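Participant: this one's structure only:
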């Protein structure tokens with residue numbers, strides 16, 4: 001069964017009229033959610049969305065299922081797998097060496113001819129360092145310096161320096177470590193480092 005796709009203007013209209021009978025559900029991977037999502041969206045507590053049961057089966061961990069205990073017959077469920085327009089918080093994950101970009105200011109034309117400009121609210125805090133849990137102001141993912149781990153994660157500069165670009169203390173003692181890259185530099189493809 002396939003959901004009904006919405007045009008951007010329909011999506012905006014639905015977002016502007018959210019109420020208790022509507023659930024906004026993010027169907028992306030955890031690392032995409034961490035960098036940015038729609039205000040009010042729910043995300044299952046799993047690394048990969050396909051791991052969820054979508055409320056279809058008994059789950060051992062009800063907390064990871066945002067559709068548990070929802071009256072699905074009388075609740076509208078809005079799902080998305082990309083973002084950036086009105087009500088977007090944070091950055092956009094991109095699948096290239098940049099890994100994230102801030103959303104550009106987007107002007108939307110509403111049905112009553114009002115012009116709406118999207119601006120990111122800097123007061124909303126949601127991104128946390130994967131290691132220490134502190135707020136991350138720089139919304140950029142990194143790959144673990146351990147070639148055999150390569151975990152994509154958000155990290156504060158303090159933990160990045162302390163763990164030499166690795167995601168855990170265990171990874172710092174791995175046999176195959178890439179160099180710690182300064183600033184926004186990205187690692188090259190894995191084969192550049194495989195013989196190091």
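Facilitator: Arrived safely, thanks for sending. Remember, it's a predicted structure, so these values are computed and weren't measured experimentally.
Participant: How about the secondary structure of the residue nearest the centre of the chain?
Facilitator: Compute the mean C-alpha point of the chain, and by Cα atoms, centre = their mean the closest residue is residue 33, 1.6 Å away. Counting by DSSP: H, G, I helix; E, B strand; the rest coil, the backbone at residue 33 sits in helix.
Participant: correct me, but it touches residue 26?
Facilitator: Yes: using Cβ atoms under 8 Å, residue 33 is in contact with residue 26, at 5.5 Å. All C-beta spots, glycine's among them, are computed from the backbone N, C-alpha and C.
Participant: shared neighbours of these two, anything?
Facilitator: Overlap of the contact sets of residue 33 and residue 26 (by Cβ atoms under 8 Å, 6 or more residues apart in numbering) consists of residue 43.
Participant: Could I get the pLDDT score of the residue nearest to the centre of the chain?
Facilitator: You'll see residue 33 listed with a pLDDT of 84.
Participant: Quick check: it vs residue 192, distance?
Facilitator: Distance of residue 33 to residue 192, given as Cβ to Cβ, to the nearest Å: 29 Å.
Participant: same check, this time on residue 178
Facilitator: On the measure of Cβ to Cβ, residue 178 and residue 192 end up 9 Å apart.
Participant: More neighbours: these two, which one.
Facilitator: Using other Cβ atoms under 10 Å, the more surrounded residue of residue 178 and residue 192 is residue 178, with 21 against 10.
Participant: my guess is that one contacts residue 150, does it?
Facilitator: No: applying Cβ under 8 Å as the test, residue 178 and residue 150 come out as separate, 9.2 Å apart.
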